[in-house]
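Participant: Sharing a sequence plus its predicted fold:
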Amino acid sequence: ANLQRAAELRYGEIPELERKVAELEAAEHERADGSGPVYLKDEVDADDVAEVVARWTGIPVSRLLEGETEKLIHMEERLHERVVGQHEAVEAVANALRRARTGLQDPNRPIGSFIFLGPTGVGKTELARALAEFIFDDERAMVRLDMSEYQERHTVARLVGAPPGYVGYEEGGQLTEAVRRRPYCVVLLDEIEKAHNEVFDVLLQILDDGRLTDGHGRTVDFRNTVIIMTSNIRSAGALSDHFRPEFLNRIDEIVEFKALSREQLAEIVELQLARLRERLAERGLGLELTDEAKELVAEAGWDPTYGARPLKRALQRLVENPLALRLLEGEFADGDTVRVDARDGELVFEKAAAPAEVAA
């Protein structure tokens, strides 16, 4: 018990306290040398106003302060930092958003509307998150609804809120209330083919007019949203069997995602490891995986049916779980770099040699 408590203190509470102290010291230093945010100022400049307005409205500061021309020109490169493969899908989305941002699209409609088609685990949701981060500077700027919860007629009212006198009137609509509170966001509607037919009447109003009236009679503005609907239908040709023509005609782009190859899965391993390294760096630890170790993780996470979804579980099972146990046992300390290799079909964890030792 004492050993476990010591590990919790060493790798959990103490690093967290040290991080908070460092943040406070950095903030104090910024205020002292005048290079950072100052809370008592004689004059208020454009940056201060933009920061306050951003907090009130949910509009990203960069949207208020900066031009986005350069950003839009290199949009595909930025999206591919998070999305592996799917070049046609990324290009189609980028072109549609550039049209909207250069004024070539109807300003009374959402920024963009898309249907993402393809099997599970190929990057549809990840591209939606990447778009939220790219356009609104925050991947959490996303309203996500599972449309399998809206298969029955009586559930449709939950999107805009119940009318006066009905149960749930005070709560507001699950879609309208979320967008009213954060008008700059990506709206992700998962498995759209499972929604009741009346859901599409609601969506038609958003796609046509860029607005929707909720159960309280308030008009909610959708003109600064990106509407993304995902579907496990494999091809655009099969969409007409599930959706009405007037609905499909209002979509900016129907984007088809392809199954991932083994080579692309190896790239996703690198992305997942980069995120793990960031988390370990907060605890003062480094992480190295040999090519053999990466190949073993990729092989364990490969599933043609489910795409990249099993990869995260494979990384947790093969790397994160054993590493967490070794950290609690005190096998690695602050400043160490954990080296992971593959031997006889198993991953081996060891402390990487320091540069001085290697030179010797």
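Facilitator: Cool, the structure landed. Numbering: from 1, shown residues only.

Participant: Per the annotation, how does the protein divide into domains?
Facilitator: 2-65, 74-256, 262-359 (automatic domain parsing).

Participant: Could you single out the most deeply buried of these?
Facilitator: domain 74-256 (a mean of 18; mean count of other CB atoms under 10 Å). Where C-beta positions appear, they are placed from N, C-alpha and C, glycine not excepted.

Participant: what's the span of that one, first residue to last?
Facilitator: Start and end residues of domain 74-256 are separated by 22 Å (CA to CA, to the nearest Å).

Participant: and residue 230, helix, strand or coil?
Facilitator: Recorded secondary structure, residue 230: strand (DSSP: H, G, I helix; E, B strand; the rest coil).

Participant: which residues in the chain form strands?
Facilitator: 112-117, 142-146, 185-190, 211-213, 219-221, 225-231, 253-256, 286-289, 337-343, 346-351 (DSSP state E).

Participant: So for residue 73, which of these sits nearest?
Facilitator: Nearest to residue 73 among the strands of the chain is strand 112-117; the distance by CB to CB comes to 17.1 Å.

Participant: mind saving the C-alpha coords of that closest one as PDB?
Facilitator: Output of strand 112-117 as PDB, limited to C-alpha atoms (Å, rounded to 0.1, in the frame of the first residue of the first chain):
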ATOM      1  CA  GLY A 112     -20.600  23.700 -45.600                       C
ATOM      2  CA  SER A 113     -22.800  20.600 -45.600                       C
ATOM      3  CA  PHE A 114     -21.400  17.100 -46.200                       C
ATOM      4  CA  ILE A 115     -22.300  13.400 -46.100                       C
ATOM      5  CA  PHE A 116     -19.400  11.200 -45.200                       C
ATOM      6  CA  LEU A 117     -19.800   7.700 -46.600                       C
END
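
Participant: Neighbouring strands of that strand in the sheet, and parallel or not?
Facilitator: strand 225-231 (parallel), strand 253-256 (parallel) (DSSP bridges).

Participant: how far is that strand from where the chain is centred?
Facilitator: 16 Å (CA atoms, centre = their mean, to the nearest Å).

Participant: and that strand with strand 185-190, angle?
Facilitator: If you take axes from the mean of the first three to the mean of the last three CA atoms, to 10 degrees, strand 112-117 sits at 30 degrees to strand 185-190.

Participant: Would you mind checking the average pLDDT for strand 112-117?
Facilitator: Taken as a whole, strand 112-117 has a mean pLDDT of 91.

Participant: contacts for it?
Facilitator: Here strand 112-117 makes contact (CB atoms under 8 Å, 6 or more residues apart in numbering) with 89, 92-93, 96-97, 100, 124, 127-128, 192, 207, 226-236, 239, 250-257.

Participant: cool, stretch 135-154 as well?
Facilitator: 58, 60-63, 97, 111, 128-130, 132-133, 155-156, 158-159, 174-175, 178-179, 182, 184-196, 198-199, 226.

Participant: Span of that stretch from start to end?
Facilitator: End-to-end for stretch 135-154, by CA to CA: 34 Å.

Participant: partner residues bridging residue 340?
Facilitator: In beta-bridge terms (that is, DSSP bridges), residue 340 pairs with residue 289, residue 349.

Participant: sorry, back to before: what about the strands of the chain, which gets the closest to residue 300?
Facilitator: Using CB to CB, the strands of the chain put strand 346-351 closest to residue 300, at 9.8 Å.

Participant: Counting by contacts, list what the closest one packs against.
Facilitator: When contacts are defined as 3 or more CB pairs under 8 Å, 6 or more residues apart in numbering; DSSP states H and E, strand 346-351 packs onto helix 291-300, helix 321-328, strand 337-343.
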